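Asks: The following block contains a protein sequence and its predicted model.
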Amino acid sequence: MSDYRLSPFFTVLQAAEKASQQGGSAAIGAFNVNFFTQAQGVLEGLRRADAPAIIQASKGANKFQGGPDKIFYMLTRAMEDSGHTLPVALHLDHGNVEKGEECADSGYSGIMIDASEEEFHLNVAVTRGMVAYAHPKGVGVEGEYGQLAGVEEDVSSEETVYAKPEKVVEFFRRTGADALAIAYGTSHGPNKGTNISDLKTEIVRDSYRNMEAAGLVDDHFLVGHGSSTVPQELVEEINSLGGNIQGARGVPLEKIKEGIEFGLRKINIDTDLRLGITATTRKFFRDNPSAAEVDALKGAREVLDSQLDAIDPRDYFGAVKPFDILREPPAESGIQAFIDLMELIKERIAVHVEFLVNEFGSAGLAGSVENLSLEDMSRRYGGDGNC
């Protein structure tokens, strides 16, 4: 599968930085996925926009699919089936040391180690340890400094702890990390608040300026977590189809673009995709009542009927049987209803991904990503390329 190898985390982000230095303003979309069709949809949106990207899997997604090796297989299989050869990195989102090492050993090209709850010096130490493990394998590392409010996966914080721009350079130098997620007022989950003054993009601006003064911007990158836009039309669609999603608000697109202009080079998107999948699935059941009786979908319909605020597809597709069709393309003709639903989900995701990467400025950048393997990156980091 040499034509479908994953791109290094570092080179994908570097393409956005180079484009920004050449008069543009660009960030790479980082899209969380949990199952095969979701990965297909992201890849199709990227193909339409000729964009590189980072596809992410959280600890929860890895558990859902049975381990990092299953996620790796799922993504590379989706790439192979669609002939996708544009640059794509596979990244662990919000990992701990144990899961980070497991993913680095399973073919991932990036690891996000989240020790942001620790005191600064402990956060630095944990992140530095992850760098020491990952870089010899050619695997890039993202740390986090500050804390985002909200709840997503097992990440939870009641309030934002803003990053201090004057500490960003120190974090990079002491850890050796490639990227750093800085808290500037965005939030995890579907409810990101309505107070625009909480979004302090000047933290991004000042952090990037400090990095620039220190000569770090060519090979160190700032990341914006909790950046889903939460389109209100999706929330309204879900509620019109029997759901009950309350208080869902996203980050205004203009503030995300301002953050990109100020120096963000990676934008994390998860909730947007969950909402699109949920709206599509609810509409499919409304339009195809008999689909609820198909074994491959019955459990999903039951969960959505009982959990009106559900937006995480793992909550309802976790009941799908047989489960393996969430990992690779279904081949059984007896589950045509499932296949039809997956095609609709793929298209919904593709449309939104194409829209976002155009807004992020990464459309058309696929050809500018340096063509390196993880072995090449290992040597660049100082390893021997044979880890």
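Replies: Yep, that arrived.
Asks: ok, residue 104 to residue 60 distance?
Replies: 18 Å (CB to CB, to the nearest Å). Yep, even glycine has a C-beta here, placed from its N, CA and C like the rest.
Asks: When the two are compared, which one has more neighbours?
Replies: For residue 104 versus residue 60, neighbours defined as other CB atoms under 10 Å are more numerous around residue 104 (27 against 18).
Asks: list the contacts for the more buried one?
Replies: For residue 104, the contacting residues are 111, 133, 134, 137, 139, by CB atoms under 8 Å, 6 or more residues apart in numbering.
Asks: try residue 79
Replies: By CB under 8 Å, 6+ apart, the neighbours of residue 79 are 4, 43, 85, 88.
Asks: Just the ones in helices from the residues you listed, please.
Replies: Counting by DSSP state H, the contacts of residue 79 place residue 43 in helices.
Asks: Look at residue 379 and give its secondary structure.
Replies: helix (DSSP: H, G, I helix; E, B strand; the rest coil).
Asks: Count the residues that sit near it.
Replies: By other CB under 10 Å, the residues close to residue 379 number 15.
Asks: Please verify my assumption that residue 168 contacts residue 183.
Replies: No: counting by CB atoms under 8 Å, residue 168 does not reach residue 183; the two are 11.3 Å apart.
Asks: what residues are shared contacts of those two?
Replies: residue 145.
Asks: Could you check how far residue 74 is from residue 67?
Replies: 11 Å.
Asks: In the protein, where is pLDDT below threshold?
Replies: 1-3, 148-160, 187-197, 321-323, 332-334, 384-387 (pLDDT under 70).
Asks: Relative to the centre of it, find the outermost residue for me.
Replies: For the chain, the residue at maximal distance from the C-alpha centroid (CA atoms, centre = their mean) is residue 290, at 34.0 Å.
Asks: mind listing what it touches?
Replies: Residues near residue 290 by CB under 8 Å, 6+ apart: residue 337.
Asks: where does it land in three-state SS?
Replies: In three-state terms, and counting by three-state DSSP, residue 290 is helix.
Asks: is it true that residue 69 touches residue 107?
Replies: Yes: with contacts counted by CB under 8 Å, residue 69 reaches residue 107, the gap being 7.5 Å.
Asks: Between these two, which has more neighbouring residues?
Replies: More neighbours surround residue 107 than the other of residue 69 and residue 107, with 19 against 15 (other CB under 10 Å).
Asks: Backbone dihedrals for the residue lying closest to the more buried one once chain neighbours are set aside, both of them.
Replies: Closest residue to residue 107 apart from its sequence neighbours, by CB to CB, 6 or more residues apart in numbering: residue 72 at 4.2 Å. As for residue 72, its main-chain torsions (degrees, to the nearest 10) stand at phi -60, psi -50.
Asks: Surely residue 72 is in contact with residue 105?
Replies: No: using CB under 8 Å, residue 72 is not in contact with residue 105, being 10.4 Å away.
Asks: Okay, and residue 77 sits in which element?
Replies: According to DSSP states H and E, residue 77 maps onto helix 68-82.
Asks: likewise residue 230?
Replies: Taking DSSP H and E as the definition, residue 230 sits outside all helices and strands.
Asks: where's it relative to residue 361, distance?
Replies: 21 Å.
Asks: Sitting in helices, which of the contacts of residue 104 do you find?
Replies: Residues of the contacts of residue 104 located in helices (DSSP H): 133, 134.
Asks: Of the contacts of residue 104, which is the most crowded?
Replies: Most surrounded of those: other CB under 10 Å gives residue 139, at 33 neighbours.
Asks: thought that one was touching residue 373?
Replies: No: counting by CB under 8 Å, residue 139 does not reach residue 373; the two are 11.8 Å apart.
Asks: quick one: buried residues of the strand ranked longest in the chain?
Replies: Longest strand of the chain, by residue count under DSSP state E: strand 88-95. For strand 88-95, a neighbour-count test (16 or more other CB atoms under 10 Å) marks 88, 89, 90, 91, 92, 93, 94, 95 as buried.
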